[in-house]
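Q: Have a look; sequence and predicted model below, questions after that.
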Amino acid sequence: CFFSFLVNKHKPWIETSYHGIITENNDTVILDPPLVALDKDAPVPFAGEICAFKIHGQEMPFEAVVLNKTSGEGRLQAGSAIDCELQKEYTFIIQAYDCGSGPGGTNWKKSHKAVVHIQVKDVNEFSPAFKESVYKASVTEGKIYDSILQVEATDEDCSPQYSQICNYEIVTTAVPFAIDRNGNIRNTEKLSYDKQHQYEIMVTAFDCGQKRAAEDALVRVNVKPVCKPGWQDWSKRVEYRPGSGSIPLFPSIQLEPCDGAVSSVRCTIELQSSSTAKGCDHETYSEKSLQKLCGASSGAIDLLPSPSTTTNWTAGLLMDSNDIIFKFDGKQGAKIPDGIVPKNLTDQFTITLWMKHGPSPGLRAEKETILCNSDKTEMNRHHYALYVHNCRLVFLLRKDFDQADTFRPAEFHWKLDQICDKEWHYYVVNVEFPVVTLYTDGTTYEPYLVTNDWPIHPSHIAMQLTVGACWQGGEVTKPRFAQYFHGSLASLTIRPGKIESQKVISCLQACKEGLDINSLESLGQGIKYHFNPSQSVLVMEGDDIKNINQALRKVSYINSRQFPTAGIRHLKVSSKVQCFGEDVCISIPDIDAYVMVFQADEPKITITGMDHFARPAAQFESERGVILLPDIRIVSTVTKMEHSVDFREHDRVNKQLVVEEMLHNLDFCDVLVIGAELDPEQECLELDNGELQGKHLDATNSTAGYSIYGVDSMFSYEQVLRQLRYRNWGASATAGRKFRVKCSELNGRYTSNEFNLEVNILHSSNSNFMDHVNHMIVQPQFLQSVQHPEGSVSAVHSSVVPGVAALVVGCASVLVLAAALAVLRLRSARRRGAAGCQGARDGDMDWDDSALTITVNPMEVLSQAQRGPAQS
């Protein structure tokens with residue numbers, strides 16, 4: 001009954017707002033100010049006590065509990081798990097309720113509404129994570145980058161402290177890279193493609209709570225080479241094997257412009273053959289054979305021949321014997337003997353030479369004499385001379401006073417780069433007085449300066465012709481050489497009375513190797529090209545890079561010699577590029593390459609035939625004499641290594657030698673007399689002039705033997721040699737003769753075996769024996785031996801004439817010495833053009849310049865072999 005009289009007069013009172021903090025994954029909320037409710041009805045029981053706090057809000061994860069009803073103290077706590085990453089803040093309404101007017105809680109009152117704002121405090125529970133596991137970037141070598149790429153990591157924590165990435169680090173050590181706090185990676189030094197193509201580095205991240213990423217990220221940095229404009233995909237070494245024809249030099253080449261706006265490309269391809277003799281690969285036949293082959297006028301005099309007993313003025317000079325090149329070091333000169341060159345050259349003559357010359361030492365260089373005709377004694381007058389002075393070629397020609405008593409042209413000067421470029425060049429001086437024309441490598445040059453002088457007064461003083469220096473015979477204490485030449489000379493000739501045509505000059509200096517273009521039809525549109533006369537320089541120009549690439553791939557090297565000079569030929573390709581609307585365009589580096597020409601397989605020239613026979617003296621004394629070599633055969637073979645693979649023996653390589661017959665030219669064949677020389681009073685060798693017609697052959701005859709020379713086929717040489725006759729109109733006093741045949745290709749570079757022939761003269765007492773021999777000679781077994789000359793011929797004739805060898809008297813050593821002397825005598829006769837018993841018929845022959853078709857008909861050879869003995 002007492003409680004029924006209590007009155008609940010007042011509402012509870014709380015603060016108007018509260019701020020609270022709760023740590024995620026915790027249930028306690030710290031409020032400011034603390035949660036406390038007051039009621040003015042206190043200390044009245046129930047009416048002055050607090051019984052509850054109620055939260056108003058949709059599904060709030062909080063609850064408020066009363067800790068002390070009397071003091072009104074309460075607590076706010078989480079009713080379920082609080083996750084900051086799901087919600088960082090909460091706002092809701094709270095009210096306090098008193099206990100009412102009695103135990104039943106009737107007539108309770110509630111306070112006003114207070115706003116509660118709760119912040120969820122974050123816990124650093126998540127590690128940073130990179131957005132990508134692998135990062136890739138490419139850089140160009142040689143540059144420093146501010147930023148190559150940026151890596152990025154994130155953190156799922158909700159607070160700025162734990163969700164932000166405060167630092168990145170490179171885990172990989174000793175790499176030229178650095179990373180900043182924003183994840184930007186840069187290189188700390190210039191990278192080199194040649195040193196390392198790619199770098200792989202590991203990177204980690206830290207949040208602001210210093211928590212490290214759970215997994216590091218991989219960064220790959222590829223280093224690209226600097227784009228350098230230039231030619232790509234070409235080989236420095238190009239191999240050439242003799243007989244290969246035309247081979248491409250740059251089959252896969254292409255131009256990399258590096259995004260340059262190219263409007264046109266001009267390429268110059270140069271073949272530099274200075275390492276070979278005389279500048280490029282020429283035919284190495286003798287100068288006389290080459291002149292005949294090219295249709296040059298006869299009568300050329302070789303002033304620098306190979307040393308011999310008859311041409312001994314070159315014996316003291318430095319010489320490269322393989323190519324007959326003479327090197328002058330400024331200390332040597334050679335006197336040409338009297339009678340070699342006529343005194344009067346006439347108003348028309350030609351001087352030809354190969355010359356290699358460099359700049360002269362000193363500021364005021366002296367004259368360097370190539371050829372000089374001066375007074376031998378008393379005076380020091382130069383009648384004609386060819387010399388080099390300060391890289392100028394000068395020709396001096398002083399006419400005699402009795403020819404013209406007027407001021408006449410005397411010195412002709414040419415200034416050419418070729419004179420001092422240390423390369424081989426071919427010079428021809430054509431004199432048609434008063435006009436003098438110079439040809440250099442086939443190109444005509446007129447003199448830039450011509451000076452006049454008075455003629456020379458006639459005198460009794462003899463003249464001295466010299467090479468490599470000029471003879472100073474007068475006005476000095478002791479006659480001596482002066483004005484020495486420094487350089488190399490070859491094939492120096494003088495031809496009195498005639499000048500050479502442009503066609504012959506071009507033929508004499510023509511290179512047998514050069515640049516070529518395969519398939520001109522497919523060069524591409526807009527390609528212009530130009531060769532120099534020797535085809536050692538090719539210029540190509542076009543406005544489309546694709547077409548230029550295609551054109552350059554068709555440039556090739558060709559060497560038409562059957563036996564080319566082995567060695568290196570340097571190649572240089574220089575390029576000029578023009579760009580659209582730009583004064584400065586890209587620069588293309590030169591290509592430096594070389595062609596390696598391999599040594600040709602060496603041929604083996606073999607001469608076979610009947611090596612001895614006997615005839616009655618009457619046949620030798622007849623008007624036609626006896627044919628010496630009716631069945632001679634000249635064959636050339638080459639031995640090659642054949643490779644085959646035997647798979648049954650673990651790919652072992654078996655090497656077999658294969659002998660193949662080959663066709664090529666010869667340049668001379670000598671028929672030498674062994675023993676005493678021919679007695680012109682009673683014996684000689686003869687050949688009808690008609691046998692040389694239609695062939696590129698000439699012949700000289702002497703008591704030492706018979707020489708046939710000129711560039712022609714082996715078949716042509718066989719035809720001529722099979723018509724060579726031996727006559728002896730004093731045969732009764734002669735028992736027999738021995739001859740030796742030897743042939744050459746390329747001026748002695750390749751020589752045949754020495755084929756020995758023994759001829760016996762049978763007198764009347766031996767006539768019956770001779771009939772028997774002749775009968776045996778024409779038997780089929782002998783004809784068979786012609787077709788198979790390897791040893792069968794000598795075997796047959798040994799059985800046919802068993803006693804003939806006993807007729808030969810002499811010693812082997814004496815025969816060898818006699819043969820050597822005969823060679824020298826024959827070479828002398830060839831140079832002098834001396835004639836034997838029919839010299840009028842054996843002089844220089846007219847040459848036929850038609851092309852040679854080398855065709856050997858075995859049946860024709862057989863029939864000629866059959867006819868030979870019968871005609872004898």
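A: Now that the structure is in, tell me what you want to look at.

Q: Work out for me the element Ile548 sits within.
A: Element membership of Ile548 [criterion: DSSP states H and E] is helix 545-552.

Q: actually Lys11, not the one I wrote
A: Using DSSP H and E, no helix or strand contains Lys11.

Q: One more: His570?
A: Here His570, judged by DSSP H and E, is contained in strand 567-579.

Q: For that strand, which strands pair with it and how are they oriented?
A: Using DSSP bridges, the strands paired with strand 567-579 are strand 262-272 (antiparallel), strand 591-597 (antiparallel).

Q: which of the residues in the helix holding Ile548 are buried?
A: For helix 545-552, a neighbour-count test (16 or more other C-beta atoms under 10 Å) marks Ile545, Asn547, Ile548, Asn549, Gln550, Ala551, Leu552 as buried. (Each C-beta comes from the backbone N, C-alpha and C, glycine too.)

Q: Give me the secondary structure label for the nearest residue to Asp32 once chain neighbours are set aside.
A: Nearest residue to Asp32, sequence neighbours excluded (C-beta to C-beta, 6 or more residues apart in numbering): His19, at 5.0 Å. Going by DSSP: H, G, I helix; E, B strand; the rest coil, the secondary structure assigned to His19 is strand.

Q: wouldn't His19 be in contact with Val115 here?
A: No: with contact defined as C-beta atoms under 8 Å, His19 does not reach Val115; the gap is 9.5 Å.

Q: intersection of neighbour lists for these two?
A: With contacts defined as C-beta atoms under 8 Å, 6 or more residues apart in numbering, no residue is shared by His19 and Val115.

Q: Could you report the neighbour count for Glu745?
A: By other C-beta atoms under 10 Å, the residues close to Glu745 number 23.

Q: for it, what are its contacts?
A: Contacts of Glu745 (C-beta under 8 Å, 6+ apart): Phe563, Pro603, Ile605, Ser636, His664, Asn665, Leu666, Asp667, Thr751.

Q: Counting neighbours, what do you get for Pro160?
A: Pro160 has 10 neighbouring residues, counting by other C-beta under 10 Å.

Q: and the closest residue to it other than its chain neighbours, what pLDDT?
A: In this structure, Pro160 finds its nearest non-sequential neighbour in Cys208, 7.4 Å apart by C-beta to C-beta, 6+ apart. In the predicted model, Cys208 carries a pLDDT score of 92.

Q: Could you pull up phi and psi at Cys208?
A: Dihedral pair for Cys208: phi -70, psi -10, per degrees, to the nearest 10.

Q: Distance of it relative to Tyr168?
A: Using C-beta to C-beta, to the nearest Å, Cys208 is found at 13 Å from Tyr168.

Q: if you count what's nearby, which of the two comes out ahead?
A: Set Cys208 next to Tyr168 and count neighbours by other C-beta under 10 Å: Tyr168 wins out with 24 against 17.

Q: And this structure, what are its domain boundaries?
A: 13-121, 129-224, 230-276+513-597, 287-509, 604-642+657-762 (the TED database).

Q: Which one of those domains lies nearest to Val7?
A: For Val7, the closest of the domains of the chain is domain 13-121, at 6.8 Å, according to C-beta to C-beta.

Q: Looking at that closest one now, give me its mean pLDDT.
A: Mean pLDDT, domain 13-121: 90.

Q: Next, the distance between the ends of it.
A: Using C-alpha to C-alpha, to the nearest Å, the span of domain 13-121 from its first residue to its last is 29 Å.

Q: swap in stretch 307-327?
A: 14 Å.

Q: how far does it sit from the chain's center?
A: Stretch 307-327 sits 33 Å away from the centroid of its parent chain (C-alpha atoms, centre = their mean, to the nearest Å).

Q: Which residues in it does the neighbour count mark as buried?
A: Pro307, Thr311, Trp313, Thr314, Leu317, Met319, Asp323, Ile324, Ile325, Phe326, Lys327.

Q: Would you mind measuring from the second one to Ile505?
A: Think Thr311. Where Ile505 is concerned, Thr311 sits at a distance of 25 Å (C-beta to C-beta).

Q: for the first one, same thing?
A: Per C-beta to C-beta, Pro307 is found 28 Å from Ile505.

Q: Next: the fourth one.
A: Counting by C-beta to C-beta, the separation of Thr314 from Ile505 is 25 Å.

Q: And the contacts of the helix holding Ile548?
A: The contact list for helix 545-552 (C-beta under 8 Å, 6+ apart) reads 250, 253-255, 257, 262, 265, 267, 269, 517, 522-527, 529, 540, 542, 573.

Q: helix or strand for Pro305, which one?
A: If you go by DSSP H and E, Pro305 is not part of any helix or strand.

Q: Looks like it contacts Leu317 (just checking).
A: No: contact criterion C-beta under 8 Å: Pro305 and Leu317 do not qualify, at 11.0 Å.

Q: tell me the centre residue of this structure?
A: Nearest residue to the geometric centre of the chain (C-alpha atoms, centre = their mean): Tyr594, 1.6 Å.

Q: ok now do that one, which residues does it touch?
A: By C-beta under 8 Å, 6+ apart, the residues touching Tyr594 are Lys236, Arg237, Val238, Ile568, Arg569, His570, Leu571.

Q: If we use 6 Å, what do you get?
A: Each residue near Tyr594 by C-beta atoms under 6 Å, 6 or more residues apart in numbering is listed here: Ile568, His570, Leu571.

Q: Can you tell me which of these is closest to Leu290?
A: When these are compared against Leu290 (criterion: C-beta to C-beta), the nearest one is Ile568, at 25.0 Å.

Q: List the contacts of the closest residue to Ser575 other than its chain neighbours.
A: Once flanking residues are discounted, Ser575 sits nearest to Ile588: 4.0 Å by C-beta to C-beta, 6+ apart. Counting by C-beta under 6 Å, 6+ apart, Ile588 makes contact with Pro229, Gly230, Ser575, Val577.

Q: in the sheet, who's paired with the second one?
A: On the basis of DSSP bridges, Gly230 is bridged to Glu256.

Q: so who does Cys294 touch?
A: Cys294 makes contact with Val504, Cys507, Leu508, according to C-beta under 6 Å, 6+ apart.

Q: try 10 Å this time
A: Residues in contact with Cys294, defined by C-beta atoms under 10 Å, 6 or more residues apart in numbering, are 283, 500-501, 503-510, 711, 847, 849.

Q: For Arg569, which non-adjacent residue is closest in space?
A: Using C-beta to C-beta, 6+ apart, the closest residue to Arg569 is Val595 (4.3 Å).

Q: quick one: that neighbour and Val238, what's the gap?
A: Val595 is 5 Å from Val238, by C-beta to C-beta.

Q: hey, what's in contact with both of these two?
A: Joint contacts of Val595 and Val238 (C-beta under 10 Å, 6+ apart) are Ile247, Leu249, Tyr557, Arg569, Leu571.

Q: Look up the pLDDT of the third one for me, please.
A: At Tyr557, the predicted lDDT confidence score is 93.

Q: And for the second one?
A: Model confidence at Leu249, given as pLDDT, is 95.

Q: how many other residues sit next to it?
A: 25.
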